[in-house]
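Peer 1: next input, structure requested:
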Amino acid sequence: MDGKRVVITGIGAVCAVGNDVPTVWDNLMAGRHGFARIETMDITDHKISIGGEVRNFEYPDKREAKRLDLFCQFGLVAADEALTMSGIVAGDNVAPERVGVYLGSGIGGIRTLEKEMVNGRENGYRRVSALLVPMIIINILPGNVAIKYGFKGYSMGIVTACTSGTNAVGEGWRAIKLGLADVIVAGGGESPFAPVCVAGFANMKAMSEGTDPDRASIPFDKERNGFVMGEGAGALVLEEYEHAKARGANILAEVVGYGANTDAYHITQPSPSGEGAADSMRMALESAGIRPSDISYINAHGTSTPLNDLFETRAVKTVFGKAAYDIPMSSTKSMTGHALGAAGALEAVFLVKTLLENRVPPTAGYRVPDEELDLDYVTEGARDVDVKYAMSNSLGFGGHNGTIIFKKYE
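Peer 2: The predicted structure is shown next:
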């Protein structure tokens, strides 16, 4: 795809293994997961007990926090870290109307929604918070970021289930490439630990019912039995290359490819052949103008569900052929859990760090090989790899597929 070059000048992250990028990355490199017994909700009547909750998190403005669901708090903190790193200031080094905010979420403010539904039933609906709607709608996350920093370009909340964060980054790349913006704050936030939400996922048999945190999220392992719910946010500052260069920005990496499509197969299950995911990867490679053999690392969707890990492996083999066996591919959900709409955004942040440090995060907790899953899942711990191009996949309910490709900045 011809057009302007798009680079990354800032990243931010909040998740189960840390509340800022340095802490998160250190834990990923050490193979430390963030799983423990769920504390933020009563799990007495639930099938599952282990989660990847964000811990020791405090929103900096306690008064403002009362008007924000946690998914929005996480997103604002991640965006602030990314913007601080980037140095972008509306009206100073960028025109406000040339900055957009593309932030996604799969479920939005479901914790607030459930709380106020209980409040209405128990205390009368006149007692429901007047802030209910602006606390639960997904577009309020990009809206709040835009308001806080004075960004007046086009902003949107992207909702494609577990592909939301990846689509936000990809659509932000596309907007800058087409000249529609100079800067896009892209990513996503999620905080799904509401009883009804957890029960919904658990009752469809999507989540692990294991009680051992070390064996709960085990992507590609033969004993995998479902994903572990996570939460948090990831944010990236995407910027037009000449704009970043002119202001002397520290460029972290370059966004070069994006693919997205739909399986049109099933509401929750990926296509068994992996055809949709394979086509998404092909689209990303084509838009980047590179060959499959140019990819040095793949951050897999890798949810630890029996079907997803198998079908994604099939898709990678379809696209990369024999070369698939030579490309390290790991799942950081083995440590962060599955942060749903924020997952792809967090994993995009991890791609940037991988490119900067030439170090690939492991698939933690892996013990039992699966005969059908025979690729290089980086199961021995973090690995030093000379990474030039890195790919990340996301697959979402409804058949959504998304793939992004980042390049080491040169």
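
Peer 1: C-alpha from now on. contacts and neighbour counts both.
Peer 2: OK.

Peer 1: who's in contact with L76?
Peer 2: Each residue near L76 by CA atoms under 8 Å, 6 or more residues apart in numbering is listed here: L141, N144, V145.

Peer 1: what is the nearest of these to N167?
Peer 2: Using CA to CA, L141 comes nearest to N167 of the contacts of L76, at 15.5 Å.

Peer 1: average pLDDT across the lengthiest helix in the chain?
Peer 2: As assigned by DSSP state H, the longest helix anywhere in the chain is helix 70-86. Helix 70-86 shows a mean pLDDT of 98.

Peer 1: sorry, back to before: mind putting the contacts of L76 in JSON lines, secondary structure, neighbour count and distance to V319 included?
Peer 2: JSON lines is the format used below for the contacts of L76 (DSSP: H, G, I helix; E, B strand; the rest coil; neighbours: other CA atoms under 10 Å; distance: CA to CA, whole Å):
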{"residue": "L141", "secondary structure": "helix", "neighbour count": "33", "distance to V319": "35"}
{"residue": "N144", "secondary structure": "helix", "neighbour count": "19", "distance to V319": "39"}
{"residue": "V145", "secondary structure": "helix", "neighbour count": "23", "distance to V319": "38"}
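
Peer 1: got JSON lines for the residues you listed, with pLDDT too?
Peer 2: Converted to JSON lines, the contacts of L76 look like this (pLDDT from 0 to 100):
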{"residue": "L141", "pLDDT": "98"}
{"residue": "N144", "pLDDT": "98"}
{"residue": "V145", "pLDDT": "98"}
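
Peer 1: using JSON lines, lay out the residues you listed together with distance to E357.
Peer 2: Formatted as JSON lines, the contacts of L76 follow (distance: CA to CA, whole Å):
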{"residue": "L141", "distance to E357": "30"}
{"residue": "N144", "distance to E357": "32"}
{"residue": "V145", "distance to E357": "29"}
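
Peer 1: which of those residues lies closest to D376?
Peer 2: Nearest to D376 among these: L141, at 36.8 Å, using CA to CA.

Peer 1: contacts only, for the closest one.
Peer 2: Neighbouring residues of L141 by CA under 8 Å, 6+ apart: F71, C72, G75, L76, L103, G104, G157, G189.

Peer 1: and R314, backbone torsions?
Peer 2: For R314, the backbone dihedrals (degrees, to the nearest 10) come out as phi -60, psi -40.

Peer 1: neighbours around it, how many?
Peer 2: Residues lying near R314 (other CA atoms under 10 Å) number 20.

Peer 1: against S271, how distant is F71?
Peer 2: Distance, F71 to S271, using CA to CA, to the nearest Å: 30 Å.

Peer 1: those two: which has the busier surroundings?
Peer 2: Between F71 and S271, F71 has the larger neighbour count (other CA under 10 Å), namely 28 against 20.

Peer 1: show the contacting residues for the more buried one.
Peer 2: G108, G109, L141, G189, E190, S191, G232, A233.

Peer 1: might you report the residue contacts of the first one?
Peer 2: With contact set as CA under 8 Å, 6+ apart, G108 has these partners: F71, I136, I137, I138, G189, E190, S191, P192.

Peer 1: surely it is within a helix?
Peer 2: No - applying DSSP: H, G, I helix; E, B strand; the rest coil, one finds G108 to be coil, outside a helix.

Peer 1: so what's it scoring on pLDDT?
Peer 2: Here the pLDDT value assigned to G108 is 97.

Peer 1: from here on, count from 54
Peer 2: New numbering, starting at 54: the last item is G161.

Peer 1: nearest spatial neighbour of T389, skipping sequence neighbours?
Peer 2: A69 (5.3 Å; CA to CA, 6 or more residues apart in numbering).

Peer 1: distance of the one you found from G162?
Peer 2: Counting by CA to CA - A69 and G162 are separated by 18 Å.

Peer 1: same check, this time on K406
Peer 2: 29 Å.

Peer 1: the more surrounded of those two?
Peer 2: Neighbours per residue (other CA under 10 Å) separate K406 from G162, with G162 holding more: 28 against 20.

Peer 1: is it true that that one touches V186?
Peer 2: No - using CA atoms under 8 Å, G162 is not in contact with V186, being 9.0 Å away.

Peer 1: next up, the contacts around M94.
Peer 2: Contact partners of M94, counting by CA under 8 Å, 6+ apart, are F246, A247, P248.

Peer 1: cool, H296 as well?
Peer 2: H296 makes contact with D235, according to CA under 8 Å, 6+ apart.

Peer 1: in which helix or strand would I find it?
Peer 2: helix 294-299 (DSSP states H and E).

Peer 1: just the mean pLDDT for that helix, thanks.
Peer 2: Mean predicted confidence for helix 294-299 is 98.

Peer 1: the helix or strand just after it packs against which elements?
Peer 2: Where DSSP H and E defines the elements, the next helix or strand beyond helix 294-299 is strand 306-315. For strand 306-315, the elements it packs on are strand 59-67, helix 217-230, helix 328-341, helix 396-410, strand 453-461, judged by 3 or more CA pairs under 8 Å, 6 or more residues apart in numbering; DSSP states H and E.

Peer 1: still on that earlier bit, buried ones among the contacts of G161?
Peer 2: Among these, those buried by neighbour count (16 or more other CA atoms under 10 Å) are F124, I189, I190, I191, G242, E243, S244, P245.

Peer 1: if I've got this straight, the fifth one is in a helix?
Peer 2: No - when classified by three-state DSSP, G242 is found to be strand rather than part of a helix.
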